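Enquirer: Sequence and predicted structure, then a few things I'm wondering about:
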Amino acid sequence: MVSFFEASLTQLSIHKTGNKAQDEFYVLSEKPVSLNDEELNKLLMQYFLGPFEKTNEVYRFYHSGDDLDLNEVYHYASALFNAPGTFHENTELLAKYLYDLSTHPKIKPGELYVALFDNVQIEGELHQAVGIFKSETKETYLKVFPEQNGFNLSYENEGINIHKLDKGCLIFNTEKEEGYKVVVIDQTNRNQEAVYWKDEFLKLKIRNDNYSQTNAILGVYKDFVTTKLDEEFEISKADKIDLLNRSMKYFKEKEQFELKEFSQEVIGNEQGIASFLSFKKNYENEFETGIADSFEISGPAVKKQSRVYKSVLKLDKNFHIYIHGNKDMIEKGFDEEKSLNYYKVYFREEQ
């Protein structure tokens, strides 16, 4: 979704923030980093932007009072876009703001990088982007160097692995009125102990558009089939796979999702439909997000979900049966003499 083969790094400031609750302080740089070293620029681009090539979810800034300007990072990002001459001053304010939120005992100190990029691509379009990154994990590196007629070793403590960005977000200079397009990663704290990065510092919510709606309903339906159906119905794995295949067929062939039509065409059983609608409602309540009954289907979201929709029937460790079509062409039985289950598969020709 995000690519940077045309991107360039135009401004960068680095500060350090500690854990306020542990009486660690912040340290602010007096000026931005010089970007004259071409090789260093390439390494920084890989470090900052490389991890975002695998992101799928797009977020937006929000504020509980519906006034986006009260979202601090949104406010500073707007200033970074609109007034490049005050770039460094605003990065200092961002560092102080993050420090004020760093009160959980498990939040680690680290360097805060704020960068301005040109021509970063998201969803096929090039945009200016502000990047906010934090490095927390330090590693030790060995250095091998020639010495006289051989080699010697030294090491570097507190080094940073450019392939392991701890925390980061990219804010794209588009759709400002809706809260910008934002992608985010947090590799070091994925539990409730450090929600400060995405929820408290950035204050983000999932973008509620066709992509997120398509992605959400496919995810909910997959969870319903794989986890919920067994609780209420006797259903074979082959039937589950058939239900998943039928849903994917619906989304690949239709341009518009209609909840009633989907339920009738894919599930078909009234009890099953009622159970699915209840499951969907519980999901919306739990995650405080609504999934519309009708929306335009997003092809990229379908493509993403198709990778995790499994159509493989695994039989012990001997066989895998791939079911892509009509489930009536496979029949399950039990051999009493051998005391084993079996599947009978019908086909017209080998290929």
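Expert: The structure has been received and is ready for your questions.
Enquirer: Adjacent strands (with direction) for the biggest strand by length in the chain?
Expert: As assigned by DSSP state E, the longest strand anywhere in the chain is strand 110-122. Partners of strand 110-122 in the sheet, by DSSP bridges, are strand 2-3 (antiparallel), strand 8-17 (antiparallel), strand 125-135 (antiparallel).
Enquirer: Make a markdown table out of these and add distance to Leu80.
Expert: All C-beta spots, glycine's among them, are computed from the backbone N, C-alpha and C. Listed next are the strands paired with strand 110-122 as a markdown table, based on distance: least, Cβ to Cβ, whole Å:
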| stretch | distance to Leu80 |
| --- | --- |
| strand 2-3 | 19 |
| strand 8-17 | 9 |
| strand 125-135 | 5 |
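Enquirer: Burial-wise, tell me which of those comes out on top.
Expert: Of all the strands paired with strand 110-122, strand 125-135 carries the top mean neighbour count, a mean of 22, counting by mean count of other Cβ atoms under 10 Å.
Enquirer: hmm, who's touching the helix or strand just after that one?
Expert: The helix or strand immediately downstream of strand 125-135 is strand 139-147, counting by DSSP states H and E. Outside strand 139-147, the residues that touch it by Cβ atoms under 8 Å, 6 or more residues apart in numbering are 151-161.
Enquirer: What mean pLDDT does the longest strand of the chain get?
Expert: Averaging pLDDT along strand 110-122 gives 96.
Enquirer: Repeat that for stretch 233-251.
Expert: 83.
Enquirer: so how far is that stretch off the chain centroid?
Expert: 26 Å (Cα atoms, centre = their mean, to the nearest Å).
Enquirer: Could you export it as CSV, CA atoms only?
Expert: Extracted in CSV, the C-alpha atoms of stretch 233-251 (Å, rounded to 0.1, in the frame of the first residue of the first chain):
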residue,chain,number,x,y,z
PHE,A,233,-24.6,-25.9,14.5
GLU,A,234,-23.2,-29.3,13.5
ILE,A,235,-21.1,-28.4,10.5
SER,A,236,-18.2,-30.1,8.7
LYS,A,237,-14.9,-28.5,7.8
ALA,A,238,-15.8,-29.0,4.2
ASP,A,239,-19.0,-27.0,4.7
LYS,A,240,-17.1,-24.3,6.4
ILE,A,241,-14.7,-24.0,3.5
ASP,A,242,-17.7,-23.9,1.1
LEU,A,243,-19.2,-21.0,3.1
LEU,A,244,-15.9,-19.1,2.9
ASN,A,245,-15.5,-19.8,-0.8
ARG,A,246,-19.0,-18.6,-1.5
SER,A,247,-18.4,-15.4,0.4
MET,A,248,-15.2,-14.7,-1.5
LYS,A,249,-17.0,-15.5,-4.8
TYR,A,250,-19.7,-13.0,-3.9
PHE,A,251,-17.2,-10.2,-3.2
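Enquirer: please renumber so the chain begins at 24
Expert: Sure, I'll start counting at 24 from here, so that last one is stretch 256-274.
Enquirer: Next, the buried residues of it.
Expert: For stretch 256-274, a neighbour-count test (16 or more other Cβ atoms under 10 Å) marks 260-268, 270-271, 273-274 as buried.
Enquirer: Confirm for me that Val289 is in contact with Asn268.
Expert: No. Applying Cβ atoms under 8 Å as the test, Val289 and Asn268 come out as separate, 9.6 Å apart.
Enquirer: Only alpha carbons, please: show the helix or strand harbouring Lys327 as PDB.
Expert: Using DSSP H and E, Lys327 sits in helix 322-329. Extracted C-alpha coordinates of helix 322-329, given in PDB (Å, rounded to 0.1, in the frame of the first residue of the first chain):
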ATOM      1  CA  GLY A 322     -11.000  -4.700  -4.800                       C
ATOM      2  CA  PRO A 323      -7.700  -4.200  -2.900                       C
ATOM      3  CA  ALA A 324      -9.500  -5.200   0.400                       C
ATOM      4  CA  VAL A 325     -10.900  -8.400  -1.200                       C
ATOM      5  CA  LYS A 326      -7.400  -9.200  -2.500                       C
ATOM      6  CA  LYS A 327      -5.900  -8.800   0.900                       C
ATOM      7  CA  GLN A 328      -8.500 -11.000   2.600                       C
ATOM      8  CA  SER A 329      -8.300 -13.700   0.000                       C
END
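Enquirer: got a list of contacts for that helix?
Expert: So helix 322-329 is contacted by 24, 79, 146, 233-235, 237-238, 241-242, 245, 271, 274-275 (Cβ under 8 Å, 6+ apart).
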